[in-house]
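1. When you get a sec, could you give me coordinates for this:
(chains A and B)
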Amino acid sequence: MSKNLPAIAVFTISGSFGILLAMGLGFGIFWKTLDPTRFMEVFGAEFPYFILPTVLMLLPALVSTIVLFVRSKGRPELRKLWSYAMIGMIVAFTLTNVYHLPVNLGFMEMKYTAEEAASKLDLWLILHWVRAAAVGAAAFFALKGFRHSLTH
Amino acid sequence: MKKALPYISVIAIAAFVGNLLVIGLGFGLYWQSLDPVVFMQQFAVQFPLLLPPTMGILLPALIATIAMVVSTKGQVTVRRNWIIALVGLLIVCTITSVYHLPTNFGFMESRYTAEEATRKLDLWMLLHWVRTAVTLVSAVYALKAFQPSTNA
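-> Numbers count the residues shown, from 1 in each chain, chains lettered A, B, ... in the order given. Predicted coordinates for the structure are as follows:
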C-alpha cells in the first residue's frame, strides 16, 4: 500500500487535534471567564476564524481514514487500526454536527438567556474535550496504521 | 515512555501545523482585513489566547524530538531524519523569538503608526507562513524517522 494516504491521514488527524487544542486551551478557557451575555458577543466575533482551518484539516482526515479502512479489507490487523482511527474521527464529526454546530449558531444569534448560555457552554466544553480526546486517539491509531502499512 | 516519544513527536509537530493554521488562516487573514489601529487593539485581546495552546503543543514536540535525536545515536539514517525535524523546529523557534515575539509586544502596546503596523503585519504574516511550511517539513521528516524508530 502506498504510504502517501496513511501519511496524509496522520498529518490531517494530528492537525485537527492541534486546532481543537487551540480552541479549547486558548479560547474555551477564556470564554468561561466571561459574563454569559458578553461571552455570546465574543463567541460571535471569534468563532468564525476557526471554521476555515478546521474544515481544511477535518474533512481530509475523515475522508482519508474512511478510504484507508475500506482499502484494508482482507488485512485484519491493519483494518482494525484504521477502523479505530475512523471511529475516533466519526465520533468527533458526529458530536460537532449534533451538538456544537447548532449551539454555535445559537450563541452567535444570542438566542439564549444568560443561564442557558452558561449551561450550554459548560456542555460545549465537556463535549469539546471528548471530541479532542477522540481525535487524539485517532491520531495514535493512524500512526500505528501508518507503521503497519509499511512493515507488513 | 521511550516507546511513546516517536508518537508524541510526530503527533505534536503535526498538531502544531494545525495550531499555526488557526493563527494564519483564521486570525491572520482577519487581522489583515482591519484598520491597522483597530488591528493592534484586537491583537492585544486575541493573541494572548493563542499562547497556551502554542506552548502546550510546541514544548512536547521539541522535547520529544530532542530525545529522539539523543536516543538514536549510532543509527545514521534515522538520526539524520530526526535531526532535520529538530532543525526545522529550532528554525521556527528562532523566527518566532527574533521577529514575532518583539513585534507582538509592539502590536499589543499599540506602539506603531498605522503605516508601520501594516508593514510589520505583512512581514509577520509572511514569516508566519515560512514557519508553518518549515513545521510541515519537520513533520514529514519526523514521520520518515518514525517507522524505523519504533522497530528498534
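
2. Where does residue B:2 sit: helix, strand or coil?
-> At residue B:2 the chain is in coil, as set by DSSP: H, G, I helix; E, B strand; the rest coil.

3. Just give me the neighbour total for it.
-> Neighbourhood size, residue B:2 [other CB atoms under 10 Å in any protein chain shown]: 10. Bear in mind the C-beta positions are built from the backbone N, C-alpha and C, glycine included.

4. Can you tell me how far it is from chain A?
-> Counting by CB to the nearest CB, to the nearest Å, the gap from residue B:2 to chain A is 16 Å.

5. go on, residue B:95?
-> In terms of CB to the nearest CB, residue B:95 sits 18 Å off from chain A.

6. my guess is that residue contacts residue B:127, does it?
-> Yes - using CB atoms under 8 Å, residue B:95 makes contact with residue B:127 at a distance of 5.5 Å.

7. give me every residue that touches residue 6.
-> Since you didn't name a chain, this refers to chain A. A:68, A:142, A:145, A:146, A:149 (CB atoms under 8 Å, 6 or more residues apart in numbering or on different chains).

8. wrong one, chain B
-> Residue B:6 is in contact with B:64, B:68, B:142, B:145, B:146, B:149, B:150, counting by CB under 8 Å, 6+ apart.

9. Check residue B:107 too.
-> Residues in contact with residue B:107, defined by CB under 8 Å, 6+ apart, are B:39, B:40, B:43, B:44, B:47, B:117, B:120, B:121.

10. Just the pLDDT at the residue lying closest to residue A:108 once chain neighbours are set aside, thanks.
-> With sequence-adjacent residues excluded and distances taken as CB to CB, 6 or more residues apart in numbering or on different chains, residue A:108 is closest to residue A:44, at 4.3 Å. You'll see residue A:44 listed with a pLDDT of 88.

11. Nearest to chain A among the contacts of residue B:6?
-> Distance to chain A, by CB to the nearest CB, is smallest for residue B:150 among those, at 5.8 Å.

12. what kind of secondary structure is that closest one in?
-> helix.
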